[in-house]
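Peer 1: Sequence and predicted structure below; questions after.
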Number of protein chains: 2
Amino acid sequence: MTPLATEDELLQSIRGILGNGIESFGLRDDAGVMSTPDGGSIVVSVDSVVDGVHVDLALCDPADVGWKALMQALSDLAAMGAAPLGALVALCVPGGSGEGELALGMMHGVAEAAAATACPVVGGDVSEAPSLVAAVTVLGAVDGGRGEGGGAGASGTPDPVSRAGAAPGDVLFVTGSCGGSAAGLRELRAGSPGADAAWSYRRPVARLREGAAARRHGAHAMIDVSDGLALDLHRLADASGVGFALEDVPVAPGATFEEALGGGEDYELVFAVGAASADALGSRFDTEGLREPTRLGVVAEDPDLRVLGTSPLDRLGWQHRVG
Amino acid sequence: MTPLATEDELLQSIRGILGNGIESFGLRDDAGVMSTPDGGSIVVSVDSVVDGVHVDLALCDPADVGWKALMQALSDLAAMGAAPLGALVALCVPGGSGEGELALGMMHGVAEAAAATACPVVGGDVSEAPSLVAAVTVLGAVDGGRGEGGGAGASGTPDPVSRAGAAPGDVLFVTGSCGGSAAGLRELRAGSPGADAAWSYRRPVARLREGAAARRHGAHAMIDVSDGLALDLHRLADASGVGFALEDVPVAPGATFEEALGGGEDYELVFAVGAASADALGSRFDTEGLREPTRLGVVAEDPDLRVLGTSPLDRLGWQHRVG
């Protein structure tokens, strides 16, 4: 067996083991869609936060870790245009002195994030483990109609927005600026955190309202920026079988251009809408009290064309090595 | 703050943080119940399997770990009388050589358990972590009517069976024999595994059909034996505010009496039914092609009466220390 080089390759193999229909294991879509016995459907996703890998408890509080764990999972719902119904939290904490309080600190952050997003925690579990892990499952649903290019699915249930569906000529938008979390991490490591960036790292916010608005206003495809704008854009383009030409990238205050392209955990949403909808999009968001999204560029027909200005855009971002 | 001595105390504190209505975080119920936008309800639960804590990869294959991770979570649905709708798997694997293949091996076991229980894997995620963790979330639903003592909930949706609800005079049953998994672990550690017990340890089966039958035939309260028959019986009695008097405990082939009382991970179901239903229960299970449950004893009014024969029954079983 060939060694697996990247997370994406591992996920590809796992989807092979599980068989057809598993689109949501890892990179293909942000969340899975499941039918309920009543003929409806719910959107489901799971994400883990691991101490020493995704977070560093030397740089933030346990409550920050809990907050981020729930927000990271909710961001997958946001990227489908879904609203949260509830969350389950599996906490693994090391045994030994003080670790019970670490778990409680994390749950305070989970509870704060749950209150901020009206997402009740409906279940959970605590296990002993050599290292701290919080695996959060979220359940959500889309409702209401969909704009041009969308429409109800075969079952009559409104469709969530997938990563696949961006079409040549579509305009790409991002809901905010990028690189803030990476800048915050850099500043915290250097011991001189600016308030804005450090907060972006410690307390990211899932763009649930923006995702629902993008879906209502006809988004053809959407993804959240969890591993880096460039990498996540490539994933959306891969799923849609298209290329892209970026004109601009909004850089968060305090962040470098490289951090904006390759820094993960901003949880902004990138989405594609038809050219006819693009001009009015900003005012539609504004009417709903949401910040206007920034135009990134356009979707190209050639799947090999992936450029920023005139330069090829590498897959900058964060992938685990798992081989 | 007083140090937390046990998992149950930690879970109690977590429920305090999350506020009212969180009955399913850990010990109170096996799974949570969540409303869907269509007015229905689904049953949800999450469980983790941690290498070195819940499983020992020196004694079993990665596929066994994946199998057990899904079955353990499904057992929580069984204990509510619910049928599975789907599962999500969050896998945390150590980086480094061979760990990708470890993840794939586990997913083979997950896929086998999913096929055996008709529970599709609808989503998942892989993360790097210092140690191997599989956190499995399952979603399910109850359907059809309920026997005496049950009935539809306020919403018109049939109720899942909780741990609370056992009434004085009820008869306690268990769906199979206990201690098989503990005996298998002992035999594997000694290097001389008997086939039956080792298989009970490596490939436990969630009693989904039995749980659904118990619910249909009027179970007032139910729990799965995940941490030990004695401990889980105490938990059911705690939730119901009752005591119990056991007459007999069915011991699995190869297991000791102590293993039957205190060994976890058998995933048999313990449930309470009204005395009027108790006599016919065995033939009802038999008619459905299910093994007849074994009568354990009766539910007592005095919550302080917890006896096996004439001796007090200790809380034998497995609780993590998390202080």
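Peer 2: Noted; the coordinates are in hand. Numbering: from 1, shown residues only, chains lettered A, B, ... in the order given.

Peer 1: Tell me how many other residues surround A:Asp302.
Peer 2: 11 (other CB atoms under 10 Å in any protein chain shown). (Glycine included, C-beta is placed from N, CA and C.)

Peer 1: Please read the previous query as pertaining to A:Ala276.
Peer 2: 12.

Peer 1: from the middle of its chain, how far away would the helix or strand harbouring it be?
Peer 2: A:Ala276 is located in helix A:275-287, with elements delineated by DSSP states H and E. Relative to its parent chain, helix A:275-287 has a centroid offset of 22 Å by CA atoms, centre = their mean, to the nearest Å.

Peer 1: now what about it, what contacts it?
Peer 2: A:147-148, A:169-171, A:173, A:210, A:213, A:217-218, A:273, A:291-293, A:295 (CB atoms under 8 Å, 6 or more residues apart in numbering or on different chains).

Peer 1: cool, and stretch A:301-320?
Peer 2: A:6-8, A:53, A:168, A:227-234, A:237-238, A:241-247, A:249, A:258, A:261-262, A:264, A:297, B:95, B:126-128.

Peer 1: just checking, which of these belong to helices?
Peer 2: Among those, the members found in helices (DSSP state H) are A:7-8, A:229-234, A:237-238, A:258, A:261-262.

Peer 1: If we ignore the residues flanking it in sequence, what's nearest A:Leu132?
Peer 2: A:Asp51 (3.9 Å; CB to CB, 6 or more residues apart in numbering or on different chains).

Peer 1: Check the burial of the one you found by counting its neighbours.
Peer 2: Neighbours around A:Asp51, by other CB under 10 Å: 22.

Peer 1: That one and B:Ser127: what is the separation?
Peer 2: 11 Å (CB to CB, to the nearest Å).

Peer 1: what's the answer for A:Arg215, then?
Peer 2: Distance from A:Arg215 to B:Ser127, by CB to CB: 27 Å.

Peer 1: Who has more neighbours out of those two?
Peer 2: A:Arg215 (26 against 20).

Peer 1: separation between the more buried one and chain B?
Peer 2: Relative to chain B, A:Arg215 is positioned 15 Å away (CB to the nearest CB, to the nearest Å).

Peer 1: Pull the distance from the helix or strand hosting that residue to the chain's centre.
Peer 2: Taking DSSP H and E as the definition, A:Arg215 sits inside helix A:208-216. Taking CA atoms, centre = their mean, the mean C-alpha location of helix A:208-216 is offset from the chain mean by 13 Å.

Peer 1: just stretch A:33-46 next, same as before
Peer 2: Distance, centroid of stretch A:33-46 to centroid of chain: 19 Å (CA atoms, centre = their mean).

Peer 1: what's the span of that stretch, first residue to last?
Peer 2: 12 Å (CA to CA, to the nearest Å).

Peer 1: again, but for stretch A:294-305
Peer 2: Stretch A:294-305: ends 21 Å apart by CA to CA.

Peer 1: can you pull the buried residues of it?
Peer 2: A:294-300 (16 or more other CB atoms under 10 Å in any protein chain shown).

Peer 1: nearest to B:Ala116, of these?
Peer 2: A:Val299 (43.1 Å; CB to CB).

Peer 1: Stretch A:58-75 close to chain B?
Peer 2: No - remark: stretch A:58-75 sits outside contact range of chain B, by CB under 8 Å from any CB of the partner chain, the gap being at least 9.2 Å.

Peer 1: which of the residues in that stretch are buried?
Peer 2: Of the residues in stretch A:58-75, those buried (16+ other CB under 10 Å) are A:59-60, A:62-75.

Peer 1: which two of these lie the greatest distance from each other?
Peer 2: A:Leu59 and A:Leu74 (22.2 Å).

Peer 1: pretty sure A:Val161 contacts A:Ala214?
Peer 2: Yes - using CB atoms under 8 Å, A:Val161 is in contact with A:Ala214, at 7.2 Å.

Peer 1: list residues touching both of those two?
Peer 2: A:81, A:222, A:271.

Peer 1: Can you give me the neighbour number for the last one?
Peer 2: I take that to be A:Phe271. Neighbour tally, A:Phe271, other CB under 10 Å: 33.

Peer 1: what are the ranges of the strands in chain A?
Peer 2: A:32-35, A:41-50, A:83-93, A:121-128, A:133-141, A:171-174, A:221-224, A:243-246, A:269-273, A:294-300, A:306-308, A:311-312 (DSSP state E).

Peer 1: Contacts (any at all) between chain B and the second one?
Peer 2: Yes - between strand A:41-50 and chain B, judged by CB under 8 Å from any CB, the touching residues are A:42, A:44-48, A:50.

Peer 1: This completes my enquiry, with thanks.
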